[in-house]
Structure formats: structure tokens, C-alpha cells
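A.B. asks: Provided below for reference: sequence and predicted model.
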Amino acid sequence: MIKAAALLALAARCMLSNRRTALAVASSHALVHLRLRARRARSVWKMRIPAVLVSFRAALGPVVVLLSMARRPQAGAFIAALIVLALLSDIYDGMLARLLEVDTENLRRWDTRADTFFYLCVLIAVLLRHPTAILARWLLIAALLAAEAAQHLFAFLKYGRHASYHSLISKAWGLLMAAAMICLLGFDRDSWFTGFAIAWGILCNLQGLAMSLLLPTWHRDVPSLFHAFRLRSAEMARLWKRTGTISRAWW
């Protein structure tokens, strides 16, 4: 009897200890699973924040056009505020993407598309509110549109995708265009600064075309022509070591 009672006690203790171990293992697995799900949720939100800013900027374009159709004195102030919001979203989407380590190629390309679409809408707004400003600078505007189309078309034909260099002078162009359009659409002040911003945009697109001519393969976020030349030299050196020829690297 004493032996049987001792064996039963030992068996019960063993079962209890196994249950405790099983519960401890199950709870640790559950905690690990919850931590993994939390990390995945945070990474999804990290990727969505810059994308939301890019989409927000693109969505502001049609709103600018609708406001420009309203012949009210307050419309100019609202348009200026929307241009400021678009500029801030353009600044912070790249900054947050780099900070959150989600600066992907696809995000940068959509960033370029959003910028182009927004300022096309701004151009329509200028045409609706200040047609004389368009007529006075029709040659500059035509040259800007031609240079923009040429650099993206050439990049698409060469690389199979449009250019997305985000150079230093293109960032300066964004600031110049925002300031010029705020003066024109927000305060109805047409000056030499508007023509200067358009001319700077032509220079920016010509630099992008020159970068596409220099670079054998597609690159994003190239700060200047000097950096493009360095990238080209490095790629040609690698191609020479690998194949013994550089003829393929010219185009």
C-alpha cells in the first residue's frame, strides 16, 4: 500500500510537472508568435506611411483644378495651402522612407509620377486662372514639356522604365516651382520668378536626359551629373573585367 501510494504520488507529480512544462512552452510560443505578428504589422505600416504621402500628393492635383474653377477670392489662398501641403509631402515621403528603411525602387518611381501629375494639374490651374501668364511664356512651357517627355521617353526606351533620379537640382526645382505657383495662384503676382522656375525645370530635365545617356543601366537617386559619370565609370570597369569589352556599356 505504501509503495502503491508513493508510486501514485510520483506519477501525479510527474504529470503535473509535464503540464507545467507544456504550459510554459505553449505560452512562450504564443509570445513569440505575437511578437512576430507585431513586427510584421509595424513593417506594413512603415511601408504604407510614405506611400500614403505620395498618394496624398497625387490626390491634391484634381482638388487644385477644381478650386481654380471656382471664381472666388478665397480660392487662391486654398490653392496656395494645397501647394504647401504637396511640397511638405514631397519632402517627408523620401525622408520617412529612408528613416524607416522602406525606400524601394517602386516607391521612388511613384514619387516621380505623383510629382509630374500634381504639377500638370497646377499647370491646368494656371491656364484657368491666369491664361495671360501661359501665353506670355508659351515657348518656355513648350520647351519644358518637351524636355520632360524626352527624358522620360528616352529612359523608358533604354531601361524599360522612366527616369527617377531625384537629383539636387530637381529638388531645388520643386522648391522654385512651389514658390512661383504660390505667388501666381495664391497672391495673383506674376513676375520674372515664374519664368525662372520654368527655365530651371528645363535645365533639370536636360540633366536627367544627360544622365540617361551616360548610365548604362537604370539607377535611382543620382544626385548630379558628376555622380552619374562616376557610376558609369564603375560599371564600365566591372564590365571590362568580366567580358574584356566595353562596347555594350555605351548605350
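C.D. replies: On my side now, so go ahead.
A.B. asks: Output the helix or strand hosting residue 235 in PDB with nothing but the alpha carbons.
C.D. replies: Counting by DSSP states H and E, the element that carries residue 235 is helix 225-243. What follows is helix 225-243, C-alpha atoms only, in PDB (Å, rounded to 0.1, in the frame of the first residue of the first chain):
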ATOM      1  CA  LEU A 225      26.000  64.500 -63.400                       C
ATOM      2  CA  PHE A 226      29.300  64.000 -61.600                       C
ATOM      3  CA  HIS A 227      27.800  61.100 -59.700                       C
ATOM      4  CA  ALA A 228      26.300  59.700 -62.900                       C
ATOM      5  CA  PHE A 229      29.800  59.800 -64.500                       C
ATOM      6  CA  ARG A 230      31.300  58.000 -61.500                       C
ATOM      7  CA  LEU A 231      28.600  55.300 -61.700                       C
ATOM      8  CA  ARG A 232      29.200  54.900 -65.400                       C
ATOM      9  CA  SER A 233      33.000  54.600 -64.900                       C
ATOM     10  CA  ALA A 234      32.500  52.000 -62.200                       C
ATOM     11  CA  GLU A 235      30.100  49.900 -64.300                       C
ATOM     12  CA  MET A 236      32.300  50.100 -67.400                       C
ATOM     13  CA  ALA A 237      35.300  48.900 -65.200                       C
ATOM     14  CA  ARG A 238      33.300  46.000 -63.900                       C
ATOM     15  CA  LEU A 239      32.100  45.100 -67.500                       C
ATOM     16  CA  TRP A 240      35.700  45.300 -68.700                       C
ATOM     17  CA  LYS A 241      36.900  42.900 -66.000                       C
ATOM     18  CA  ARG A 242      34.000  40.500 -66.700                       C
ATOM     19  CA  THR A 243      33.900  40.400 -70.500                       C
END
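A.B. asks: Show me how far that helix is from its chain's centre.
C.D. replies: The chain centroid and the centroid of helix 225-243 are separated by 26 Å, computed with C-alpha atoms, centre = their mean, to the nearest Å.
A.B. asks: do stretch 57-71 as well
C.D. replies: 21 Å.
A.B. asks: ok, residues contacting it?
C.D. replies: The set of residues external to stretch 57-71 that reach it, using C-beta atoms under 8 Å, 6 or more residues apart in numbering, is 75, 78-79, 82-83, 85-86, 89-90, 93, 113-115, 117-118, 120-122, 124-126, 128-129, 185. The way it works is simple: take the backbone N, C-alpha and C, and place the C-beta from them, glycine included.
A.B. asks: hmm, try it at 6 Å
C.D. replies: Applying C-beta atoms under 6 Å, 6 or more residues apart in numbering, the contact partners of stretch 57-71 are 75, 78-79, 82, 86, 89, 114, 117-118, 121-122, 124-125, 128-129.
A.B. asks: Which positions within that stretch qualify as buried?
C.D. replies: For stretch 57-71, a neighbour-count test (16 or more other C-beta atoms under 10 Å) marks 57, 58, 60, 61, 64, 65, 67, 68 as buried.
A.B. asks: for stretch 109-129, same thing?
C.D. replies: The neighbour-count criterion (16+ other C-beta under 10 Å) identifies 109-112, 114-115, 117-119, 121-126, 128-129 as the buried residues of stretch 109-129.
A.B. asks: just stretch 158-171 next, same as before
C.D. replies: Within stretch 158-171, the residues scored as buried using 16+ other C-beta under 10 Å are 158, 162, 163, 164, 165, 166, 167, 169, 170.
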